[in-house]
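coords please:
(chains A and B)
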Protein chains: 2
Amino acid sequence: MSEPILLPHPVRIAARASAVGGDEYRGPLGPLFDFHDESDRFGADTWEKAEGELGRTVCNLLLARAGLSHRDVDLLFAGDLQNQCMASVCGLSGFGIPYFGLYGACSTFVEGILLASLALTATGNIRRVAVITTSHNCAAERQFRLPLEYGGQRPPTAQWTATAGGALLLDRGEGGVGVTALLAGRMVDSGLTDASNMGAAMAPAAADTLLRYFDATREDPAGYDAIVTGDLGSEGSGILSELLAARGLSLGARHIDCGMLLYDRTRQDAHAGASGCGCSAAVTAAHILPMMERGEMRRVLLMATGALMSPSGIQQGCPIVGIAPLARLEVSGI
Amino acid sequence: MSEPILLPHPVRIAARASAVGGDEYRGPLGPLFDFHDESDRFGADTWEKAEGELGRTVCNLLLARAGLSHRDVDLLFAGDLQNQCMASVCGLSGFGIPYFGLYGACSTFVEGILLASLALTATGNIRRVAVITTSHNCAAERQFRLPLEYGGQRPPTAQWTATAGGALLLDRGEGGVGVTALLAGRMVDSGLTDASNMGAAMAPAAADTLLRYFDATREDPAGYDAIVTGDLGSEGSGILSELLAARGLSLGARHIDCGMLLYDRTRQDAHAGASGCGCSAAVTAAHILPMMERGEMRRVLLMATGALMSPSGIQQGCPIVGIAPLARLEVSGI
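Residues are numbered from 1 along each chain as shown, chains lettered A, B, ... in the order given. Just a heads-up that it's a prediction; the model follows:
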């Protein structure tokens, strides 16, 4: 799968749901999210459990929107940023949907879309699949970086892990927004070890995926209404642009980064932008897909970007490896 | 996928490789593994990186046995027990094979087989897929339980995380051992919180999967040469047997547990047996599959079992949720 997989039949995105915390609600996309909790606690007594509740919330919202029960969903692909995907287990075990736990750091949302699309393509016995990813600022920051209480100063390259979750329901129905092509990400090690510069670690992987996609398909970026990256932020988006320019590829104004949409850079202290595997999930569910449903965009490349780092890896000086899986979304019959 | 997926065409297990540490080499299956390192270090300077090297070793062994280069493998499904799947990233990023990171605790090996089989069934563009999982006793114990230097006494229900790794290459070739049916695991929460009793946390999930399998297929366990569980150990195997008996199902002597095969209970201080996502991978690659290749077994149910726990979950008193994905393996053309 170094080359894109063109699906013989589009996999339909049949429903979507999103939920966010207070900072994300106060950002430019705030009113678009289905649910928010100003306190970021979602009724739980720890930040880690709060992220679990966030996942449960988007799963319930998704089922309600689709008019389905958990028994109607054949498979669940889910993941988060916590060690051993604890939030997904905590929040989603009660639904009893057969489960695949994923870890692609901030790229897990599109990792899930790819695997869900392959599962739906493989057999007619799998009718509906849910993809759910979450992240929580307070759980992630104290796990990967510093205790929250320390109040350390963040460098300008740092991103703000989003308190956000997104959920999609995929099936084999006709019309609407469909996944039509997939490209799995490769792990790209650029030797970076700075846990406060995710953008630089992810941009080379994003470039690798886009170059492979356009080399193989011989398509022109101009054929897309938007090329959406997950959470490169301002730092990573700039590096991606330079890396692609060196290979003669320009995305121009059609490049949109979910991490740069979530917070207001002039009002909110988010530095290089948002990150976290809830960021691309919530922005896609609340903003990108509705634009496609309204016909404002018809062809979109959605590429989440992940920095595959771990607390013990950082302590041991391991490089932060990037990865960027990609899905092509297209509107039909609208 | 509450019901088994019967694959329209078997997915062939084209090659296999395994590697273990010193304790595993001194166990009853020792001579069967392709590689061992008496020191458990695999040339690395930390236990976490040693597990990465173990993964790299089985990947290289797999490619060598298959006579392939990393460029010939279209997808890699991999995972381990370390937080954020650090061992897989450390050990496998250099191969450049498009990657899906998985986390199913000790069940990750069969989670990978299921997803690899779905990917190969979905499209002819995916020709060969590798599944690799690893675990390392020293990395896992200090992460999930106590610092190694503490030398704490372990209760009789405790299992010994295996220092082991296994790798499979799957393709769509004819003959040999093939994957013919799949059943995804559901997360089963039995309210257990004891990190030293994984068997009790996993057994209810194992029972859930087997009962769903036999209910849906109306098959008889007697139709199988072996029903192999990943690493229930002696404690979990006993509980599984009781749970199934209460529902009128008996596996009898055809139940084999990889966790009970790896160490010698009379000579090695492994308490309830082996665990870790390298356990089922290495035992399957070195022992179960060769028996099938020699025609000593023709029909096998392979069900890995995972306890979806995390260090922060344990600290916060979260229940340890079990999961047990299943693959049916059958011999054809031998």
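
going forward, measure contacts between C-alpha atoms and count neighbours the same way
OK.

name the residues of stretch A:293-311 that are buried.
Of the residues in stretch A:293-311, A:297-311 count as buried by neighbour count, 16 or more other C-alpha atoms under 10 Å in any protein chain shown.

of those residues, just say which sits nearest to chain B.
Distance to chain B, by C-alpha to the nearest C-alpha, is smallest for A:S310 among those, at 5.3 Å.

close to chain B: what parts of the stretch 1-150 of chain A are there?
For the stretch 1-150 of chain A, the residues in contact with chain B (C-alpha under 8 Å from any C-alpha of the partner chain) are A:1-2, A:5, A:7, A:74-75, A:81-86, A:89-90, A:93-94, A:96-105, A:111, A:115, A:118-119, A:121-123, A:125-126.

three-state assignment of A:G166?
strand (DSSP: H, G, I helix; E, B strand; the rest coil).

isn't it right up against A:N60?
No. Using C-alpha atoms under 8 Å, A:G166 is not in contact with A:N60, being 11.3 Å away.

of these two, who's got more company?
Remark: of A:G166 and A:N60, A:G166 carries more neighbours, 34 against 19, as counted by other C-alpha atoms under 10 Å in any protein chain shown.

got the contact list for the more buried one?
Counting by C-alpha atoms under 8 Å, 6 or more residues apart in numbering or on different chains, A:G166 touches A:16-19, A:55, A:58, A:132-134, A:278, A:280-285.

in strands, which of the residues you listed fall?
Among those, the residues falling in strands (DSSP state E) are A:16-19, A:132-134.

A:A17: neighbour count?
28.

reformat the ones in strands among the contacts of A:G166 as CSV; add pLDDT.
Formatted as CSV, the ones in strands among the contacts of A:G166 follow (pLDDT from 0 to 100):
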residue, pLDDT
A:R16, 98
A:A17, 98
A:S18, 98
A:A19, 98
A:I132, 98
A:T133, 98
A:T134, 98
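
which stretches of chain A form helices?
Counting by DSSP state H, chain A has these helices, from start to end: A:22-25, A:47-66, A:86-92, A:108-122, A:137-144, A:198-217, A:233-245, A:258-261, A:277-283, A:289-293, A:311-315.

can you list contacts of the lowest-mean-pLDDT helix or strand in chain A?
Least confident helix or strand, chain A: helix A:311-315 with a mean of 91, by mean pLDDT, DSSP states H and E. By C-alpha under 8 Å, 6+ apart, the residues outside helix A:311-315 that reach it are A:143-145, A:193, A:195, A:319-320, B:83, B:86.

try stretch A:137-152
Counting by C-alpha under 8 Å, 6+ apart, A:47-48, A:51, A:81-82, A:160-163, A:195, A:310-311 sit against stretch A:137-152.

top of those by neighbour count?
Ranking the contacts of stretch A:137-152 using other C-alpha under 10 Å puts A:E51 first, with 35 neighbours.

how close does it get to B:W160?
A:E51 sits 31 Å away from B:W160, going by C-alpha to C-alpha, to the nearest Å.

contact partners for A:M260?
A:231, A:233-234, A:272-274.

rerun that using 6 Å as the cut-off
Contact analysis of A:M260 by C-alpha atoms under 6 Å, 6 or more residues apart in numbering or on different chains lists A:233, A:273.

so what's the residue nearest to the spatial centre of chain A closest to, chain neighbours aside?
Nearest to the geometric centre of chain A sits A:S280, at 3.3 Å (C-alpha atoms, centre = their mean). Sequence neighbours aside, A:G230 is the residue nearest to A:S280 in space, at 4.8 Å (criterion: C-alpha to C-alpha, 6 or more residues apart in numbering or on different chains).

my read: that neighbour touches A:A304, true?
Yes. Taking contacts as C-alpha atoms under 6 Å, A:G230 lies within contact range of A:A304: 4.0 Å.

quick one: A:A245 from chain B, how far?
Per C-alpha to the nearest C-alpha, to the nearest Å, A:A245 is found 23 Å from chain B.

just give me the neighbour total for the residue lying closest to A:F214 once chain neighbours are set aside.
Nearest non-adjacent residue to A:F214, counting by C-alpha to C-alpha, 6+ apart: A:D220, 7.0 Å away. Using other C-alpha under 10 Å, A:D220 has 12 neighbouring residues.
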